[in-house]
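Trainee: predicted model follows, preceded by the sequence.
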Amino acid sequence: STYYQIAPKGIQVTDQVMGTPQARALVAELQTGGSTAAQASKAARDLIATGATLIEPTAAAGGSTLFKVVARGEPVSEMSPYWMTAAQAQVVSKMSTEQAANFLGLPLAQRLAAQQAGGFNFYTISARQTSTVFQSTIAPTVERNISHVGGGSQVLVPNRSSWTPAVRVDPRHPSTFLPRPPGG
């Protein structure tokens, strides 16, 4: 309820895009996670629109880890599909709050919460088994006349039930980012 309408300026999600093998794979993975066909189709459209490039499915081997930033003191949603690789998290950990929000195309409420809290906390999840994730470049966004350029890489996790719960990590310790990336 604190979010204004954020408008990603990414892929225009047409019926043709939804007919691609990538989009069909995303819909199938969302349904595997428990969504109905209608819910999966709507969620897939929304997720695809956040990318400047069309999503690419990737197999994340069991034990693969992904990372997320949230404003200090804020929880991680158990269903959030937006994650990043260890390499991306390393880059983001060296950015200012404003730079990270811009690079990640974060909603204004998240950016402001992080600024007020003094930055971000990093969290990680691990694949319990081989899982399908989807990667794309983060699209620019506009919200209340504030633009973010995006440009980072996002990993979409449509079925969080195959992943461990999020655990907070400290990006100041290099070992935080050693786990294997999806597909690697």
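Mentor: It's in.

Trainee: where exactly do the strands run in this structure?
Mentor: With DSSP state E as the criterion, the chain has strands at 7-8, 56-60, 65-71, 82-83, 120-126, 131-137, 141-143, 146-148, 153-156, 167-169.

Trainee: now these in CSV, with mean neighbour count, distance to residue 41 and mean pLDDT?
Mentor: The way it works is simple: take the backbone N, C-alpha and C, and place the C-beta from them, glycine included. Output for the strands of the chain, formatted as CSV (neighbours: other CB atoms under 10 Å; distance: least, CB to CB, whole Å; pLDDT from 0 to 100):
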stretch, mean neighbour count, distance to residue 41, mean pLDDT
strand 7-8, 17, 18, 70
strand 56-60, 17, 17, 96
strand 65-71, 24, 24, 94
strand 82-83, 22, 19, 96
strand 120-126, 21, 25, 94
strand 131-137, 22, 15, 96
strand 141-143, 18, 22, 82
strand 146-148, 17, 27, 78
strand 153-156, 23, 15, 96
strand 167-169, 14, 32, 91
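
Trainee: dump these into a markdown table; add distance to residue 20 as well.
Mentor: Shown next, in a markdown table, are those (distance: least, CB to CB, whole Å):
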| stretch | distance to residue 20 |
| --- | --- |
| strand 7-8 | 18 |
| strand 56-60 | 11 |
| strand 65-71 | 23 |
| strand 82-83 | 21 |
| strand 120-126 | 27 |
| strand 131-137 | 12 |
| strand 141-143 | 23 |
| strand 146-148 | 26 |
| strand 153-156 | 15 |
| strand 167-169 | 34 |
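
Trainee: right, and these - which one's nearest residue 50?
Mentor: Taking CB to CB, strand 7-8 is the member of these nearest to residue 50, at 4.7 Å.
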